[in-house]
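Undergrad: Sharing a sequence plus its predicted fold:
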Amino acid sequence: MHPGVRDLYKQLLYIGREYPKGHQYFKKGLKGAFMKKKNIPESEIQKSIDHGWFVYKELEALWFLKKYRTLKKNYYDEQVQSLTDKIELDLKDLK
């Protein structure tokens with residue numbers, strides 16, 4: 001097995017832990033995708049590896065977005081709600 005292919009597979013498996021449909025679903029699809037390309041010529045291997053790293057970067061971006069949205073929901077929304085409540089109380093006092 002080409003070392004670049006093995007490295008890519010391991011990295012994709014690692015980032016697939018957080019896949020929304022579950023790790024087993026991701027692992028099954030990943031293995032199918034790699035097995036489909038197992039007989040490609042040596043000249044096309046690097047092109048496929050480059051495409052795989054592109055997919056990796058996309059999955060990584062989705063993971064960071066999920067993490068950001070969770071943090072925003074847990075912290076930012078509470079701060080906005082408390083500020084909104086303060087403003088509403090101030091407006092009532094002005095009347």
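TA: Alright, I've got the coordinates. Residues are numbered from 1 along each chain as shown.
Undergrad: And the pLDDT at the nearest residue to Arg17 once chain neighbours are set aside?
TA: Spatial nearest neighbour of Arg17, chain neighbours left out: His23 (5.2 Å); criterion: C-beta to C-beta, 6 or more residues apart in numbering. (Each C-beta comes from the backbone N, C-alpha and C, glycine too.) pLDDT, the model's per-residue confidence, is 89 for His23.
Undergrad: now that we're looking at His23, how far away is Ile15 from it?
TA: Separation of His23 from Ile15 (C-beta to C-beta, to the nearest Å) stands at 10 Å.
Undergrad: Between the two, which has more neighbouring residues?
TA: For the pair His23 and Ile15, the greater number of neighbours falls to Ile15 (17 against 12), based on other C-beta atoms under 10 Å.
Undergrad: Contact partners for the more buried one?
TA: 56, 59-60, 63 (C-beta atoms under 8 Å, 6 or more residues apart in numbering).
Undergrad: Pick the one among those closest to Lys27.
TA: Taking C-beta to C-beta as the measure, Leu59 is the one of the contacts of Ile15 closest to Lys27, at 13.2 Å.
Undergrad: contacting residues for that closest one?
TA: Taking C-beta under 8 Å, 6+ apart as the criterion, Leu59 is in contact with 12, 15-16, 19.
Undergrad: before we move on, the earlier item: gap between the residue nearest to Arg17 and Lys66?
TA: Distance from His23 to Lys66, by C-beta to C-beta: 15 Å.
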